[in-house]
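# With the input below, show me the fold.
(one chain, ligands or ions: 1)
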Amino acid sequence: MRKKRVIQLLGRLSAAGAAAVICGGAVWFFRKVQETQSVEVEPTTENVQTEFAEETSRELPENTTSADSETETECLFLINADHPLPEDYTIRTVGLKDGQSVDERCYPDLQVMMDDCRAAGLSPYICSSYRAKDFQERLFDENVESLLAQGFSYEEAYTETTRNIAIPGTSEHESGLAVDIVDISYQLLDNEQENTPAQQWLMENSWRYGFILRYPKDKTDITDFVYEPWHYRYVGKTAAEEIYRENICLEEYIEKYTLP
Ligand SMILES: [Zn+2]
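Numbers count the residues shown, from 1 in each chain. As a prediction, this is how the structure comes out:
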């Protein structure tokens, strides 16, 4: 139920989140490139929360091509509780729909992945993308408060929250290189997400576009994060293919090549 509440919060705050980014400070560069088309697929179940409908544009911005190897290398680094983003980390974003945005370096490959998934007859749906640090702080603090209200001690509430929501400054969403994608027919962030048609396609094919399922079911002891069959991180096609084929997680890949 907590996950459901979080996605609802994300939906409610999406517009506010974009505004907060603009006000967040000089280090954050914003470039709204293009609005997107409306969602074409009609909801088919009562669970569908259409206000969260999301899709990327079908048209690439001008002068934007798939990432070259140098750009892929730039995007290949670890973000977790032990590896926070640098304080001076900067990002140039491309706007999607309804206040969503991503790092412009992963946008072209994300675009193609979403289009190919739709071309396969499926309905992927981006429900979360780039988050400014203050937005991440709100998500984190609200989850702690929710657990405190349920009777957890502060230490328990904090620790439990870190298993589900990254500590502000350590979320991949703050990098703009991660997106949460659900199937439009089932938009809850829970383990059932893995059984949806869009998710099964993404799990099988996202590596072709440079994205990995970042928090796999069988790697939770290494990632120290719950299984998230909706969170995809851009690492570039070369790394994504090896991570997929060897069934390793990003921490294992980074350690293998002693990357930052
Ligand atoms: Zn996520």
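
# When you work out contacts or count neighbours from here on, use the C-alpha atoms and nothing else.
OK.

# Wasn't C127 part of a helix?
No: counting by DSSP: H, G, I helix; E, B strand; the rest coil, C127 is located in no helix; its state is strand.

# Run a quick neighbour tally on it.
Neighbours of C127 under the rule other CA atoms under 10 Å: 25.

# Name the nearest residue to whichever residue of the stretch 51-200 of the chain sits closest to the ion, ignoring sequence neighbours.
For the stretch 51-200 of the chain, the nearest residue to the ion under the criterion CA to the ion is D180, separated by 4.7 Å. Spatial nearest neighbour of D180, excluding adjacent residues (CA to CA, 6 or more residues apart in numbering): H231 at 4.5 Å.

# my read: that neighbour touches Y215, true?
Yes: with contact defined as CA atoms under 8 Å, H231 reaches Y215; the gap is 7.2 Å.

# what residues are shared contacts of those two?
Taking CA atoms under 8 Å, 6 or more residues apart in numbering as the contact rule, H231 and Y215 have no neighbour in common.

# For the host helix or strand of F135, list every residue counted as buried.
F135 belongs to helix 133-149 when assigned by DSSP states H and E. Residues of helix 133-149 classed as buried by neighbour count (16 or more other CA atoms under 10 Å): 133-137, 139-141, 143-145, 147-148.

# For the spatially most central residue of the chain, what are phi and psi?
Among the residues of the chain, the one closest to the centroid is V179, at 2.2 Å (CA atoms, centre = their mean). Dihedral angles phi and psi of V179 (degrees, to the nearest 10) take the values phi -140, psi 150.

# ok, now which ones touch it?
With contacts defined as CA under 8 Å, 6+ apart, V179 is in contact with V102, I126, C127, S128, S129, Y130, H173, H231, Y232, R233.

# neighbour-wise, which of these leads?
Going through those with other CA under 10 Å as the criterion, the one with the most neighbours is Y130, at 29 neighbours.

# Show me what V179 bridges to in the sheet.
For V179, the beta-bridge partners under DSSP bridges are Y232.

# got a pLDDT number for it?
Model confidence at V179, given as pLDDT, is 98.

# circling back to that earlier point, tell me the buried residues in the following helix or strand past the helix holding F135?
Downstream of helix 133-149, the next assigned helix or strand under DSSP H and E is helix 154-164. For helix 154-164, the neighbour count (16+ other CA under 10 Å) marks A157, Y158, T161, T162, N164 as buried.

# and the ion, which of those residues contact it?
Judged by CA under 5 Å from the ion, the overlap between those and the neighbourhood of the ion is nil.

# Turn these into TSV, including distance to P260 and pLDDT.
Below are the buried residues of helix 154-164 laid out as TSV (distance: CA to CA, whole Å; pLDDT from 0 to 100):
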residue	distance to P260	pLDDT
A157	30	96
Y158	27	95
T161	26	93
T162	22	90
N164	24	84
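
# Closest one to L85 out of those, please.
Distance to L85 across those (CA to CA) is lowest for T162, with 16.2 Å.

# What distance do you get for that closest one to F225?
For T162, the distance to F225 (CA to CA, to the nearest Å) stands at 8 Å.

# Backbone torsions only: list them for D183.
Main-chain torsions, D183, degrees, to the nearest 10: phi -80, psi 130.

# Next, the contact list for it, please.
Shown in contact with D183 (CA under 8 Å, 6+ apart): S123, P124, Y125, Q193, T196, P197, A198, Q199.

# which non-adjacent residue is nearest it?
The spatial neighbour of D183 that comes closest, neighbours along the chain excluded (CA to CA, 6+ apart), is P124 at 4.8 Å.
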